[in-house]
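1. test case, fold it:
(chains A and B)
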Amino acid sequence: MAGRDSFLLNGVRRVGATALFFGRLLMQCAPALARPRLIVSQVFNSGARSLIIIMLSGLFVGMVLGLQGYDLLQRFGSEDVLGSAAALGLLRELGPVITALLFAGRAGTSLTSEIGLMRATDQLTAMEIMAADPLRYVAAPRFLGGVIAMPLLAAIFGVIGLYGAQLIGVQMMGVDAGVFWSQTQDSVRLRDVNEGVVKSLVFGTACSLVAVYEGYNAEPTAAGVGLATTRTVVTSSVLILLLDYVLTASFL
Amino acid sequence: MQGRLSTRVSVPPTQNPRPGTATDAVVDVRDVHYAVGARPIFAGLDLRVRRGRITAIMGPSGTGKTTLLRLITGQISADRGQVLTFGQDVAQLRGREIYALRQRLGMLFQNGALLTDLDVFENVAFPVREHTDLPEPLIRKLVLTKLQAVGLRGAAELMPAELSGGMARRVALARAIVMDPEVLIYDEPFVGLDPISLGFIQRLIKQMNQALGLTSIVVSHDVGELSAIADDSYLLSAGRVAAAGAPAELRDSTSAAVRQFMTGGAEGPVAFHYPAPEYLAQLLADA
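-> Below you'll find the model as predicted:
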């Protein structure tokens, strides 16, 4: 009983602490914008360095979508709508969600361990002593970099995924190319694009916040940084899927 | 040469020495109590750091020397009592005020704490860029001057990972003095250095203090190195000042605890063995 109580309490405490941290972080985002160079280098770190894994995963997810979609649709004789199925699936669901999960694993962990090690080696304390707020110099640019990079990565994931679906559906299974693309064009509405963009922005914010928070508050030891990195992946992943349900429900 | 303190070597817990007057005290710690959880770190700590002098704060590991520095710089606040830095009660300061106070302080961390994503030059330039709008050529001159002072002008382009421990500490020293602080705080500056680097750091602390008119606070447990440069010294033990005075006076102390620390003796009030059940009884019980 006591164990469950403290588990619950700890959970509530962490949510509260994260929310407060989020508030303080947002206040430092405007001053951080005055140093665009720092943000650009973080977009490169979180975004450009995740490109390979995002592109490869996008291609394979799209190819699987092509195979499964074709197999399912041809049972009803409606393989012509493969294009719209793949496009909508990627745009609204798979693109943002899988990109965010990969992002948490690739960029989130590296953010957490980097900031955690800066904490462990007194770099953050040194900044505070030099009267420079580490939230502004370290946390805010990394957070903003992640928020900017995520939608871009999700868009790239979607494009490559659609190409993968086309590769299987049209080149291998023989769906007519004209039908595939015109179905895709017809079925995608602005609403669907918006859903994808909003989701990837929200996921990017959540992932970056969790990663920065965990690193910033990591216990300054080797074990502490390791634990924080693990927590980043676990918390981000659960949060992404939870938020995905909420957002999907609100868009339908 | 130096205005001698009105020092007495005294023994806790009956009396805490209070050398110095309030007027020339840059840092004034008054009856500070501080505990981490249930473990008391300080229980009635009193000490003064006087302007223009090198004050050594010594004590065995775990006596809260680093905690004291965090109190002085306002990273934490005392449970009871006051810490006055430049005459301001640190615990009362908020946000901007605390940053204004810290701009008058420089601190050298044990491991240097250089920012790993910047090279040596940018590390030293960091506080300047953060707090001033000086033109680039001026920043360059300023940084090179400070690097020259610590003998590492040639290392300006290196990354922190390429420096030895002693070099990293000298770069950190250049960074700590680049904004011309009034007080320079050294956290364990001698730990883990080879004799040559140690000599460099020791000379630099002395030179900086004289040439720049600084006030220096050196926290360390290296008695020998400290004695050579310190004007005043405090020995902390069990959350209080166990002894205060010039280093030589501490060495001549009649207190067994002070003497044990100053001479590194194995015999004395600080026991070699951590408290444990009776040896023979425990061995036989396990058999």
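
2. now the element after the host helix or strand of residue B:126, going C-ward?
-> Assigned by DSSP states H and E, residue B:126 belongs to helix B:120-131. Note on helix B:120-131: by DSSP H and E, the next helix or strand toward the C-terminus is helix B:136-149.

3. and that next one, what's buried?
-> Judged by neighbour count (16 or more other CB atoms under 10 Å in any protein chain shown), helix B:136-149 contains these buried residues: B:139, B:142-143, B:146-147, B:149. (Glycine included, C-beta is placed from N, CA and C.)

4. what does that helix contact?
-> Residues from elsewhere that reach helix B:136-149 (CB atoms under 8 Å, 6 or more residues apart in numbering or on different chains): B:120-121, B:124-125, B:128-129, B:134, B:153, B:155-156, B:171, B:174-175, B:177-178.

5. show the buried residues in those residues.
-> So, by 16+ other CB under 10 Å, the buried ones in the contacts of helix B:136-149 are B:120-121, B:124-125, B:128, B:153, B:155-156, B:171, B:174-175, B:177-178.

6. farthest-apart pair in the residues you listed, please.
-> Using CB to CB, the buried ones among the contacts of helix B:136-149 span at most 18.1 Å, a distance reached by B:128 and B:155.

7. and stretch A:71-91, end to end?
-> Its first and final residues considered, stretch A:71-91 spans 21 Å by CA to CA, to the nearest Å.

8. where along the stretch 151-252 of chain A do the helices fall?
-> A:177-187, A:190-216, A:222-251 (DSSP state H, counting those that start in this stretch).

9. my error: substitute chain B in the last question.
-> With DSSP state H as the criterion, chain B has helices at B:65-72, B:95-102, B:120-131, B:136-149, B:165-177, B:195-211, B:223-229, B:247-251, B:256-263, B:279-286.

10. about what we covered before: residue A:217: which of the buried ones among the contacts of helix B:136-149 is nearest?
-> Nearest to residue A:217 among the buried ones among the contacts of helix B:136-149: residue B:175, at 25.6 Å, using CB to CB.

11. OK, contacts around the closest one?
-> Residue B:175 touches A:130, B:114, B:123-124, B:126-127, B:146, counting by CB under 8 Å, 6+ apart.

12. rerun at 6 Å
-> Contacts of residue B:175 were listed using CB atoms under 6 Å, 6 or more residues apart in numbering or on different chains, and they are B:123-124.

13. picking that back up, tell me the one of the contacts of helix B:136-149 nearest chain A?
-> Closest to chain A out of these is residue B:175 (7.7 Å), distances taken as CB to the nearest CB.

14. distance of the nearest residue to residue A:159 once chain neighbours are set aside relative to chain B?
-> Computed as CB to CB, 6 or more residues apart in numbering or on different chains, the closest residue to residue A:159 that is not its neighbour in sequence is residue A:58, at 7.7 Å. Spatial separation of residue A:58 from chain B under the definition CB to the nearest CB, to the nearest Å is 30 Å.

15. residue A:58 touches residue A:162, doesn't it?
-> No. Taking CB atoms under 6 Å as the definition, residue A:58 is not a contact partner of residue A:162, at 8.8 Å.

16. just give me the neighbour total for the residue in the stretch 151-252 of chain A positioned nearest to chain B.
-> Distances between the stretch 151-252 of chain A and chain B by CB to the nearest CB are smallest at residue A:220, namely 11.6 Å. For residue A:220, the number of neighbouring residues by other CB atoms under 10 Å in any protein chain shown comes to 15.

17. same check, this time on residue B:117
-> Count around residue B:117 with other CB under 10 Å applied: 16.

18. now do residue B:158
-> 15.

19. got it, and the one 10 residues further on?
-> Counted with other CB under 10 Å, the burial measure for residue B:168 works out to 21 neighbours.
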